[in-house]
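Trainee: Got a sequence here, can you model it:
(one chain, ligands or ions: 1)
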Amino acid sequence: MQAESRKISRRTFLKESSVAVAAVSAFTLVRPGRVRGAMTESSRVGAIVLLGPPGAGKSEQGRRLSERHSIPVISTGDQLREHVKRGTPFGLQADPYMKAGKLVPDSLMNPILEERLSQPDCVRGFILDGYPRTLAQAEDLDVLLKNKGLAPHVILLDVPTERLLKLLSGRRVCPNCRRTYNLYYQPPKKEGVCDVDGTALVQRPDDQPKVIRRRLDTYQKETQPAIDYYLRQGRLLRVNGNQTPEKVAAEIESKLASQ
Ligand code: AMP
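Mentor: Numbers count the residues shown, from 1 in each chain. You can find the predicted model right below:
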């Protein structure tokens, strides 16, 4: 790969990072392409960015897209949690930000992302869940992808705030089998216990009303400018997230195919 093609002009995406050295991307092999309805195993999908407020169903749709197109979902939250779990230098630095519910600085986040995107399983394409979260990250991602001959397909899951509040505040999880329920939309058969193993259901700490409000505020303040950025570029594919997961998935596929 030409050194020139790896240059990132706007910012030094991976400045002085050892991870950066390893991040020689295979993406220059991938030309910007359109996502077509008739996807084949060998066709290149490119970069799909999933945007939407917390609780909008991004991970569910990421999973479906991943299965349909055989490309990985890269969840930056999961990546960071993995670094924290492994106690890597990145994880140690990211941990306090995550505990405080703050965004991890780009100087930590970006090298982790680029390293992951350089893995062989991303060559045909990948789905980003949780990145970009700010305008700066959207711009950084553009530079990163452009240097690899890619442009993102950006999907925004639109869900009314009232429903989001119910989705988040009504969410209950089985601490044993991890199955998720919703008091309003998908209640367990017997109140308060898991259908599968009878364990008492719990509420995630970040699904408490006060924290939900903060998460939604952060989304509005930090992520909305990134959405506006894609809107100005004419890249934003708005999808109605206020319908069944099957219908949301179908709408995503049809919008991607028509882009
Ligand atoms: P999530 O699982 O996507 O809610 O992410 C969990 C936490 O990881 C967030 O609260 C942030 O602290 C951090 N995080 C995830 N993605 C990003 C990102 N793109 N930029 C900065 N911090 C992030």
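Trainee: residue in the stretch 51-200 of the chain nearest to the ligand?
Mentor: Taking C-beta to the nearest ligand atom as the measure, the stretch 51-200 of the chain has Gly77 as its residue closest to the ligand, at 2.1 Å. No exception for glycine: its C-beta is placed from N, CA and C like everyone else's.
Trainee: Which element, helix or strand, includes that residue?
Mentor: When secondary structure is defined by DSSP states H and E, Gly77 falls within helix 76-86.
Trainee: Name the residues of the helix or strand that comes right after that helix that come out as buried.
Mentor: Reading on from helix 76-86 to the C-terminus, the next helix or strand found by DSSP H and E is helix 89-99. For helix 89-99, the buried set under the neighbour-count rule, 16 or more other C-beta atoms under 10 Å, comprises 90-91, 94-95, 98.
Trainee: again with stretch 73-80
Mentor: Neighbour-count burial for stretch 73-80, with 16+ other C-beta under 10 Å as criterion, is recorded at 73-76, 79-80.
Trainee: who touches that stretch?
Mentor: 59, 62-63, 65-66, 90-91, 94, 98, 104, 109, 112-113, 116-117, 122, 126-131, 133 (C-beta atoms under 8 Å, 6 or more residues apart in numbering).
Trainee: Where do the helices of the stretch 101-250 of the chain begin and end?
Mentor: Taking DSSP state H, counting those that start in this stretch as the criterion, the stretch 101-250 of the chain contains helices spanning 106-117, 135-146, 161-169, 209-218, 224-232, 245-258.
Trainee: Looking at these, which is nearest to Ile48?
Mentor: The closest approach between Ile48 and any of these, judged by C-beta to C-beta, belongs to helix 245-258 at 7.3 Å.
Trainee: residues in contact with the closest one?
Mentor: Taking contacts as C-beta under 8 Å, 6+ apart, the residues outside helix 245-258 that touch it are 35-37, 48, 57, 60-61, 64-65, 68, 153, 155, 157, 237, 239-241, 243.
Trainee: Give me the buried subset of those.
Mentor: Buried by 16+ other C-beta under 10 Å: 35, 48, 57, 61, 64-65, 153, 155, 157, 237, 239, 241, out of the contacts of helix 245-258.
Trainee: Among those residues, name the ones that also lie close to the ligand.
Mentor: Filtering the buried ones among the contacts of helix 245-258 for proximity to the ligand (criterion: C-beta under 6 Å from any ligand atom) leaves nothing.
Trainee: Write out the residues of this protein neighbouring the ligand.
Mentor: Remark: the part of the chain in contact with the ligand comprises 76-77, 80, 97-98, 101-104, 109, 130-131, 133, 137, using C-beta under 6 Å from any ligand atom.
Trainee: Quick one, which of these has the minimum pLDDT?
Mentor: Within the set of the residues of the chain next to the ligand, pLDDT is lowest for Gly101 (73).
Trainee: correct me, but that one touches Arg215?
Mentor: Yes: when contacts are counted by C-beta atoms under 8 Å, Gly101 is listed as touching Arg215 (7.4 Å).
Trainee: who has more neighbours, these two?
Mentor: Under the criterion of other C-beta atoms under 10 Å, the comparison of Gly101 against Arg215 puts Arg215 first, with 18 against 12.
Trainee: need the contact list for that one.
Mentor: Arg215 makes contacts with 54, 101, 168, 206, as judged by C-beta under 8 Å, 6+ apart.
Trainee: if we can go back for a sec, now the helices of the stretch 101-250 of the chain in JSON lines, with distance to Lys189?
Mentor: JSON lines is the format used below for those (distance: least, C-beta to C-beta, whole Å):
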{"stretch": "helix 106-117", "distance to Lys189": "39"}
{"stretch": "helix 135-146", "distance to Lys189": "42"}
{"stretch": "helix 161-169", "distance to Lys189": "20"}
{"stretch": "helix 209-218", "distance to Lys189": "26"}
{"stretch": "helix 224-232", "distance to Lys189": "38"}
{"stretch": "helix 245-258", "distance to Lys189": "20"}
